[in-house]
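Asker: predicted coordinates and the sequence they were generated for:
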There are 2 protein chains.
Amino acid sequence: MPTVEIRRADILKASAELFAAKGVATTTVRAIASQVGVRSGALYHYFPSKDAIVQELLHTYVRELKARYDEEAPRSLEPRVRLRAIVEVSLRTAADDPHTTTVYQSELTNLRDVPEYRHIKELADEAQQCWLEAIDDGKRAGVFRDDIPSKVFHRFIRDAVWLSVKWRHPEDAYTSEDLARDCMAIFLDGFAA
Amino acid sequence: MPTVEIRRADILKASAELFAAKGVATTTVRAIASQVGVRSGALYHYFPSKDAIVQELLHTYVRELKARYDEEAPRSLEPRVRLRAIVEVSLRTAADDPHTTTVYQSELTNLRDVPEYRHIKELADEAQQCWLEAIDDGKRAGVFRDDIPSKVFHRFIRDAVWLSVKWRHPEDAYTSEDLARDCMAIFLDGFAA
DNA sequence: GTCTATAGCGGGATAGAC
DNA sequence: GTCTATCCCGCTATAGAC
């Protein structure tokens, strides 16, 4: 295990923290270096640019997310079960890496339109297709109501799940499992008594 | 009607558009001036700083939002009716001014911790208290289920409503009234068939 | 009231010593 | 591999002409 990989991981971790707290644009390379405990020049031995840090952070994140969806929420599952699996995987991912999740949710759409980010956005789209498949399959199977546009329900549940990273903290007594259960309860059965 | 007020309004409008599209931090004063059709120096006859533009934009917005909640969703309404009114007012506000809504949702939490923003954040908190009151009153009245934390339901429906500004466009055939109806349908009765 | 021009600053990135 | 030092750029904000 070469030291260079450890340093790269340190840099990515520090970057994620700062990016999540103050935004990518307002986080300086000097601040990242300071968090890691080196001078800014040293960072450039590990990454060619600040942009490259953002790219690697998000690329790794979304690649892993898509892999987890494919692994734990295959299309062969019954739609309600699959949707629940997607919610659980997402919430677990958010709990495992809340900082990168925040960056992913807050800034992916606004990032520069360079080919690198285009590729990341395509991967993100693929991941989100899993949600839509489960919803549409469920409608066809008659387990979800068909008087609500799939896109609308998708945005609602998707935002509920992902935005939880902004208010549920990992050390809360209210765990991501609690949240997954309540999420499914509300979105499937409603909040009416 | 002095020209100065019109110019100020032009500047605020252009700023909101650019801030929403690319974020406050990455929007330059020069870009705002260019959008208005003047040079950057001219802006400083209307606002003392870029920060002052952001502040006035958000202060006006949140003050108006709170006033609308008080006017159209008073506590005297039955909880479900009040919640629906809050949802409708919010969606109408988002449709009326999608750009400032986007800034309000994306950047309020991350803005500098100066007293000016503190005041705006307090107003925003007051506005969000209306949601929580309606939810808690509904629980006490027995019309909402009490096995889900109010805070959780609040975040879910709040994010569903406000984040719609990122995907529903004002000219969509799917109107904000359609969205309000579907929102209440999902959150009260659920998506299960 | 808007312009041109620029001061002043802080940012990303680089060069070269150690 | 990290440092110091610095280049170069673009930004906010200001000064002063028109």
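Answerer: Noted; the coordinates are in hand.

Asker: pull out the buried positions in stretch A:52-60.
Answerer: Neighbour counts over stretch A:52-60 (16 or more other C-beta atoms under 10 Å in any protein chain shown) mark A:I53, A:V54, A:Q55, A:E56, A:L57, A:L58 as buried. C-betas here are computed from N, CA, C, even on glycine.

Asker: and the longest helix for chain A?
Answerer: Taking DSSP state H as the criterion, chain A has its longest helix at helix A:115-141.

Asker: for chain B, what are the nearby residues on chain A?
Answerer: Counting by C-beta under 8 Å from any C-beta of the partner chain, the positions of chain A adjacent to chain B are A:22-23, A:25-26, A:80, A:106, A:109-110, A:142-149, A:151-153, A:155-156, A:159-160, A:163-164, A:166-167, A:174, A:179, A:182-183, A:185-193.

Asker: mind giving me the PyMOL command for buried ones among those?
Answerer: Remark: buried members of these, expressed as a PyMOL selection using 16+ other C-beta under 10 Å:
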select buried, chain A and resi 23+25+26+80+106+110+143+144+145+148+152+153+155+156+159+160+163+164+166+179+182+183+185+186+187+188+190+191
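
Asker: from the residues of chain A next to chain B, which land in helices?
Answerer: A:22, A:80, A:106, A:151-153, A:155-156, A:159-160, A:163, A:179, A:182-183, A:185-189.

Asker: next, format the buried residues of stretch A:52-60 as a markdown table and append secondary structure.
Answerer: As requested, these are exported to a markdown table (DSSP: H, G, I helix; E, B strand; the rest coil):
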| residue | secondary structure |
| --- | --- |
| A:I53 | helix |
| A:V54 | helix |
| A:Q55 | helix |
| A:E56 | helix |
| A:L57 | helix |
| A:L58 | helix |
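
Asker: from chain A, which residue is nearest to chain B?
Answerer: A:G190 (3.5 Å; C-beta to the nearest C-beta).

Asker: please report the distance of that residue from DNA strand C.
Answerer: From A:G190 over to DNA strand C the distance is 46 Å, taken as C-beta to the nearest atom of the strand, to the nearest Å.

Asker: my guess is that residue meets B:F187, correct?
Answerer: Yes: with contact defined as C-beta atoms under 8 Å, A:G190 reaches B:F187; the gap is 6.6 Å.

Asker: how about the residues of chain A near DNA strand C?
Answerer: A:T27, A:T28, A:V29, A:R30, A:S40, A:G41, A:Y44, A:P48, A:S49, A:K50, A:D51 (C-beta under 7 Å from any atom of the strand).

Asker: mind running it again at 6 Å?
Answerer: A:T28, A:V29, A:R30, A:S40, A:G41, A:Y44, A:S49, A:K50, A:D51 (C-beta under 6 Å from any atom of the strand).

Asker: now the two most distant members of the residues you listed.
Answerer: A:G41 and A:D51 (17.1 Å; C-beta to C-beta).

Asker: and those two? Which one has more around it.
Answerer: A count of neighbours by other C-beta atoms under 10 Å in any protein chain shown puts A:D51 above the other of A:G41 and A:D51, at 15 against 10.

Asker: what score does that one have for pLDDT?
Answerer: Note on A:D51: pLDDT of 98.

Asker: with A:I6 instead?
Answerer: What the model reports for A:I6 is a pLDDT of 95.

Asker: ok, it to A:V36 distance?
Answerer: Look at A:I6 and A:V36: by C-beta to C-beta, to the nearest Å, they are 11 Å apart.

Asker: neighbour count winner among those two?
Answerer: Neighbour comparison, A:I6 and A:V36: the larger count goes to A:V36, with 19 against 10 (by other C-beta under 10 Å).

Asker: next one: that one from DNA strand D, what distance?
Answerer: Distance from A:V36 to DNA strand D, counting by C-beta to the nearest atom of the strand: 9 Å.

Asker: contacts only, for that residue.
Answerer: A:V36 sits next to A:R7, A:D10, A:I11, A:A14, A:L43 when contact means C-beta atoms under 8 Å, 6 or more residues apart in numbering or on different chains.

Asker: between those residues, which is closest to DNA strand C?
Answerer: A:L43 (7.5 Å; C-beta to the nearest atom of the strand).

Asker: burial count for that closest one?
Answerer: A:L43 has 23 neighbours, counted by other C-beta under 10 Å.

Asker: and for A:E56, nearest residue in space, chain neighbours not counted?
Answerer: A:L12 (6.6 Å; C-beta to C-beta, 6 or more residues apart in numbering or on different chains).

Asker: what is the neighbour count of the one you found?
Answerer: Neighbours around A:L12, by other C-beta under 10 Å: 22.

Asker: roughly how far apart are the closest residue to A:D146 other than its chain neighbours and A:D113?
Answerer: Closest residue to A:D146 apart from its sequence neighbours, by C-beta to C-beta, 6+ apart: A:K139 at 4.9 Å. Going from A:K139 to A:D113 by C-beta to C-beta gives 34 Å.

Asker: okay, these two: which has more neighbours?
Answerer: Higher neighbour count among A:K139 and A:D113: A:K139, with 19 against 8, using other C-beta under 10 Å.

Asker: who's in contact with that one?
Answerer: When contacts are counted by C-beta under 8 Å, 6+ apart, A:K139 touches A:R145, A:D146, A:S150.

Asker: confidence score at A:A124?
Answerer: Note on A:A124: pLDDT of 98.

Asker: contacting residues for it?
Answerer: With contact taken as C-beta under 8 Å, 6+ apart, A:A124 is in contact with A:V62, A:Y104, A:L108.
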